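Participant: what's the 3D shape of this:
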Amino acid sequence: MLEWKSYEHPRLRIPVYSLYGEHREPTSEMLENMDVLLVDLQDIGARYYTFIWTMYLCMRACEKSGAAVIVLDRPNPINGVTTEGPMLNTDYKSFVGMHPIHARHGRTIGELAQQFRDEVFPKCRLTILPMKNWKREMWFDQTRLPWVMPSPNMPTLDTATVYSGMCLLEGTNISEGRGTARPFEIVGAPFIEAEKFCSGLNALKLPGVFFRENYFQPTFQKFAGELCGGGQIHVLDRDEFRPFLTGVEIIKHIRKTYPEQFQWKQPPYEYEWKRLPIEVLIGGPVEDLFSD
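Facilitator: As a prediction, the model looks like this:
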């Protein structure tokens, strides 16, 4: 919810509209006299990454206005084969989940646009510009394309690899590593004993991952300036690794080990002011995954 404002491009003298601030869906004024809206966004394969929902809202607005939508398809960086996590419960729709897909959805942004058109916006004039030479089993580094950060806290493919599970930590009072050079690969809090924490997680023998004890001091967000104990996630086999399962098990482990210190984060979260952030993230009641 770090918003930005619309402005006028200083050289081209044309309006640049923010869709992450006062408006998240284009208004009729924004689309006035517009023939085509072009979507050129790099998704990272997780339901909570809001780029796909900005596209969803653009498709909804363009269906109303009559403007055509062209989506430039791009690779799913964590492959287009593996899906994981629950399907969104439609009673829990939010800006991190507006249509039923898995937490790790296994689709490209073009495939998602096609699904949204077929299932929600039948009158949207949609065109997908396809990719060449992409295979579903590819990870982004196998495409030979350069990694360009789609957002500040998505610096590497390693980040995207763990994100669809580690983003669940945003629904807690535990640091997910924002404010460090390894967001989402690092987890911890001032009250966590790093060695005991990682020993307990490694004993679970979760597929494709090893937890190394770590101490870190975030520069912003949770526990900024405080020394946190915890662990760094080292993915040993990315095809075996299950990020959503890993994120769930980390939270369960912390709740069991530190029941008095652990807390669910309270609203608001991504423009949802009533439901718990963890429920917004998992797309259903907290009891579905974290029963006491």
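Participant: what helix or strand is the nearest residue in space to residue 123 that is not next to it in sequence on?
Facilitator: Distances taken as C-beta to C-beta, 6 or more residues apart in numbering put residue 63 closest to residue 123, at 5.2 Å, once the chain neighbours are dropped. In this view, the C-beta of every residue, glycine as well, is placed from N, C-alpha and C. In the assignment (DSSP states H and E), residue 63 maps to helix 51-65.
Participant: okay, buried residues for that helix please.
Facilitator: 51-63, 65 (16 or more other C-beta atoms under 10 Å).
Participant: and for stretch 29-39?
Facilitator: For stretch 29-39, the neighbour count (16+ other C-beta under 10 Å) marks 30-31, 37, 39 as buried.
Participant: same question for stretch 240-259.
Facilitator: 241-251, 253-255, 257-258.
Participant: for the closest residue to residue 153 other than its chain neighbours, what are its contacts?
Facilitator: Counting by C-beta to C-beta, 6+ apart, residue 153 lies nearest to residue 183, which is 4.4 Å off, once chain neighbours are set aside. Residue 183 makes contacts with 153-155, 159, 176-177, as judged by C-beta atoms under 8 Å, 6 or more residues apart in numbering.
Participant: please repeat the previous calculation with a cut-off of 7 Å.
Facilitator: If you count contacts by C-beta atoms under 7 Å, 6 or more residues apart in numbering, residue 183 has them with 153, 159, 176-177.
Participant: so when I look at it, I'm seeing a helix, right?
Facilitator: No - counting by DSSP: H, G, I helix; E, B strand; the rest coil, residue 183 is located in no helix; its state is coil.
Participant: rewinding a little: and the buried residues of stretch 29-39, which is closest to residue 170?
Facilitator: The shortest approach to residue 170 among those belongs to residue 39, at 25.3 Å (C-beta to C-beta).
Participant: redo the contacts of residue 183 as TSV? Include pLDDT.
Facilitator: Shown next, in TSV, are the contacts of residue 183 (pLDDT from 0 to 100):
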residue	pLDDT
153	95
159	98
176	98
177	98
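Participant: residue 102 against residue 85, yeah?
Facilitator: Yes - using C-beta atoms under 7 Å, residue 102 makes contact with residue 85 at a distance of 5.3 Å.
Participant: neighbour count winner among these two?
Facilitator: Between residue 102 and residue 85, residue 85 has the larger neighbour count (other C-beta atoms under 10 Å), namely 25 against 19.
Participant: residues in contact with that one?
Facilitator: Here residue 85 is in contact with 102-104, 164, 244 (C-beta under 7 Å, 6+ apart).
Participant: kindly indicate which of those lies nearest residue 114.
Facilitator: The closest of these, once distances to residue 114 are taken by C-beta to C-beta, is residue 102, at 16.4 Å.
Participant: show me the contacts for residue 255.
Facilitator: residue 262.
Participant: name the element it belongs to?
Facilitator: Using DSSP H and E, residue 255 falls in helix 243-257.
Participant: same check, this time on residue 137
Facilitator: Per DSSP H and E, there is no helix or strand for residue 137.
Participant: burial check on it, number of neighbours?
Facilitator: Neighbours of residue 137 under the rule other C-beta under 10 Å: 11.
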